[in-house]
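Q: What would the 3D arrangement of this be:
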Amino acid sequence: MVYLYLAEGFEEIEAVTIADVLRRGGADVKTVSTGTKLLKGAHGIAVEADLTIDEADTAGCEMIIFPGGMPGTINLKKDRRVTDIITAFAKDSNKKIAAICAAPMILGGLGILKGKKATIYPGMEDGLTGAEPCEDKVVTDGNIITSKAPGTAMEFALELLAVLKDKAIAEEVRKGLVMS
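A: Numbers count the residues shown, from 1 in each chain. Model prediction:
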């Protein structure tokens, strides 16, 4: 099970792209709202989440994912339930944590990036507290996967699929999407 967390003001391209690519590759991904199931993204697009955070059981969850967007990232960062889940996942090397765009700043703020390589939306590198900032579009370091921006969402999603399933499945999905 994979949970993709959404808070009001999330980045739509990132959230929908990640969910779509993972599902194309056979990953069991559920969108999880920190509020009501129906919420709006940063650009006013309404999305209905599969679950609310109170319905989501992280016990069998192998990866948690956080899209960026403003104020979505701030709303995720302010939610104690979200930060508690992230902190618990960070303590288990078998659990994966993924964040894109502005969302890696949540991980930096929790001290989870200390000594790790990570990337974030350009100009927000101060949010990667304790990390070695990288310019790569997607960075995997241990159980943490980060990416830069809406324009890197497809590559990020394919990397997540490779981690969750395997590289061959990710490559098959990449070919089906006609990505070079």
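
Q: got the residue ranges for the strands in the chain?
A: 2-6, 29-33, 38-40, 46-48, 51-52, 63-66, 96-100, 117-118, 132-133, 138-141, 144-147 (DSSP state E).

Q: Tell me what angle the first one forms with strand 29-33.
A: Going back to what we said before, that points to strand 2-6. Angle between the axes of strand 2-6 and strand 29-33 is 30 degrees (criterion: axes from the mean of the first three to the mean of the last three CA atoms, to 10 degrees).

Q: Thought Met1 was touching Asp28, still the case?
A: Yes. Asp28 lies in contact with Met1 (CB atoms under 8 Å); the separation is 5.3 Å. Every C-beta, even on glycine, is put in place using the N, C-alpha and C of the backbone.

Q: measure Thr73 to Asp79 for me?
A: Distance check for Thr73 against Asp79: by CB to CB, to the nearest Å, it reads 11 Å.

Q: which of those two has more neighbours?
A: The residue with more neighbours, out of Thr73 and Asp79, is Thr73; 28 against 17, by other CB atoms under 10 Å.

Q: check contacts around that one.
A: By CB atoms under 8 Å, 6 or more residues apart in numbering, Thr73 lies in contact with 7, 9, 66, 101-103, 105-106.

Q: can you list these in JSON lines and add pLDDT, neighbour count and distance to Lys37?
A: Listed next are the contacts of Thr73 as JSON lines, based on pLDDT from 0 to 100; neighbours: other CB atoms under 10 Å; distance: CB to CB, whole Å:
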{"residue": "Ala7", "pLDDT": "98", "neighbour count": "25", "distance to Lys37": "13"}
{"residue": "Gly9", "pLDDT": "98", "neighbour count": "20", "distance to Lys37": "16"}
{"residue": "Phe66", "pLDDT": "98", "neighbour count": "31", "distance to Lys37": "18"}
{"residue": "Cys101", "pLDDT": "98", "neighbour count": "31", "distance to Lys37": "23"}
{"residue": "Ala102", "pLDDT": "98", "neighbour count": "25", "distance to Lys37": "23"}
{"residue": "Ala103", "pLDDT": "98", "neighbour count": "28", "distance to Lys37": "21"}
{"residue": "Met105", "pLDDT": "98", "neighbour count": "25", "distance to Lys37": "26"}
{"residue": "Ile106", "pLDDT": "98", "neighbour count": "25", "distance to Lys37": "22"}
